[in-house]
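1. Compute the structure for the input listed below.
(one chain, ligands or ions: 2)
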Amino acid sequence: MAEECTTIDPPPVDLGNGHEARCLRIAELPPWDPDDRVVADTAPDRVREPLLSVSDLEVSYGRSTVVRDVSLDLARSEIVALVGESGSGKTTISRCVGGLHGDWRGRISLDGVELAPTARARTVEQRKRIQYVFQNPYQSLNPRRTIEQILLRPLALFGVARGRQARDRAAALLESVQLGPGVLSMRAGGLSGGERQRVAIARALAAEPDLLVCDEITSALDVSIQASIIDLLEGIKRERGISMLFVTHDLALARSVADRMLVLQHGRLVETGLTAQILDHPQGPYTQELISHTPQLAAAFSDGG
Ligand SMILES: Nc1ncnc2c1ncn2[C@@H]1O[C@H](COP(=O)(O)OP(=O)(O)OP(=O)(O)O)[C@@H](O)[C@H]1O
Ligand SMILES: [Mg+2]
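-> Ligands and ions are numbered 1, 2, ... in the order given. Alright, predicted model coming up:
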């Protein structure tokens, strides 16, 4: 930050297309096209440090195998979108990563250490490092518990903090998801859907995880609230360097949050790569079809964008 930044209110600079910025150092920044909705830190030359690695994953429910040959990796501080139509296996893969479904073959490793199939068989430290946020905050939080009780539990379970320190931490967590301390004494049942989802995110953060698995976490919420939750996640990624496996069937949403994208069809990965690359230059017919069903993206695509 330049010294003047603290004293001067910078004049607006017109960036074109109705966008403007107020920054004294604007001339030092590389040119930026506001219509090129590329995630700012998608740096192809950045060294990726793999955190999670999945190889040859095959998953069954009883006799039916629904995921096959899935290999993927996720780097530290990276958001990877897992997209595909309903029933393609997004939740199934996420649940295996989170240890919530144990009937799979293949390898899932965290920092190179292979994980047991179920959370129960994993170490406490491994469980702490991967946290899951569910689609429906009405089902994932016990409505009769107070928010403080909900947040204290992972703090105690994972040995993060206890007593007075834990209560302070719970308040700080709420603040980090933009909820006031007054919410601590409220019961989950008294909160709106958006507020509950913030609490669910705070609960996941309480464990101080390295990886958040987010399965359609905004799809049960109003569109206006979706945007604020996404902002929140981006802040969390920036400030805490947490990685996210971000499951969605919404390609426009994936475009706005994810560094990389994995396209799943009938339980197999059919296309993987940088989000912008895939959405601007989809290689396979399935990805092209998914894009054609997303009006915001289909328009840009048919313009040759
Ligand atoms: N508990 C279950 N028992 C049996 N089959 C299941 C179970 N859960 C999922 N499946 C099947 O596994 C396949 C993948 O389902 P999954 O829920 O992973 O898809 P998804 O991509 O998350 O879909 P959606 O976008 O609708 O959430 C589907 O064919 C589904 O019917
Ligand atoms: Mg699902």
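2. low pLDDT regions in this protein?
-> Along the chain, the parts satisfying pLDDT under 70 run over 1-6, 13-21, 23-46, 299-305.
3. Minimum distance to ligand 2, which residue of it gives it?
-> residue 91 (3.1 Å; Cβ to the ion). From N, CA and C alone the C-beta is placed, and that goes for glycine too.
4. That residue: which element?
-> Using DSSP states H and E, residue 91 sits within helix 90-97.
5. Show residues contacting that helix.
-> Contact with helix 90-97 is made by 52, 54, 57, 59, 61, 66-67, 70, 82-84, 101, 104, 108, 117, 130, 132, 211, 213, 215-216, 245, 247-249, 264, 267, as judged by Cβ atoms under 8 Å, 6 or more residues apart in numbering.
6. ok, now how distant is whatever residue of the stretch 101-250 of the chain ends up closest to ligand 1 from residue 9?
-> Using Cβ to the nearest ligand atom, residue 249 is the residue of the stretch 101-250 of the chain that sits closest to ligand 1, at 5.0 Å. Between residue 249 and residue 9 the computed distance is 43 Å (Cβ to Cβ, to the nearest Å).
7. Of these two, give the one with the bigger neighbour count.
-> residue 249 (19 against 7; other Cβ atoms under 10 Å).
8. Beyond the helix holding residue 91, next helix or strand please.
-> Counting by DSSP H and E, the next helix or strand C-terminal to helix 90-97 is strand 104-110.
9. That following strand pairs with which strands?
-> strand 50-61 (antiparallel), strand 113-114 (antiparallel) (DSSP bridges).
10. For it, C-alpha coordinates in PDB please.
-> Taking C-alpha atoms only, strand 104-110 is exported to PDB below (Å, rounded to 0.1, in the frame of the first residue of the first chain):
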ATOM      1  CA  TRP A 104     -15.400 -47.100  -3.100                       C
ATOM      2  CA  ARG A 105     -12.200 -48.400  -4.600                       C
ATOM      3  CA  GLY A 106      -9.200 -46.400  -5.700                       C
ATOM      4  CA  ARG A 107      -7.100 -43.900  -3.700                       C
ATOM      5  CA  ILE A 108      -7.800 -40.700  -2.000                       C
ATOM      6  CA  SER A 109      -4.900 -38.900  -0.400                       C
ATOM      7  CA  LEU A 110      -4.300 -35.800   1.500                       C
END
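11. Name the residues that touch that strand?
-> With Cβ under 8 Å, 6+ apart as the test, strand 104-110 has contacts from 51-60, 67, 70, 96-97, 114-115, 117, 126, 129-130, 210-211.
12. quick one: that strand to helix 90-97, angle?
-> Between strand 104-110 and helix 90-97, the angle comes out at 60 degrees (axes from the mean of the first three to the mean of the last three Cα atoms, to 10 degrees).
13. Can you give me the buried ones in strand 104-110?
-> Counting neighbours by 16 or more other Cβ atoms under 10 Å, one finds that the buried residues in strand 104-110 are 104, 106, 108, 110.
14. Check which residues of stretch 193-211 are buried.
-> Neighbour counts over stretch 193-211 (16+ other Cβ under 10 Å) mark 194-211 as buried.
15. Only the buried residues of stretch 166-183, if you could.
-> If you call a residue buried by 16+ other Cβ under 10 Å, then stretch 166-183 has these buried ones: 166, 167, 169, 170, 171, 173, 174, 176, 177, 179, 183.
16. Kindly report the same for stretch 119-131.
-> 119, 122, 126, 127, 128, 129, 130, 131.
17. taking the residues you listed one by one, which sit in helices?
-> Taking DSSP state H, the ones among the buried residues of stretch 119-131 that sit in helices are 126, 127, 128, 129.
18. what's the distance between residue 157 and residue 73?
-> With Cβ to Cβ as the criterion, residue 157 and residue 73 are 28 Å apart.
19. typo on my end, residue 215
-> Counting by Cβ to Cβ, the gap from residue 215 to residue 73 is 19 Å.
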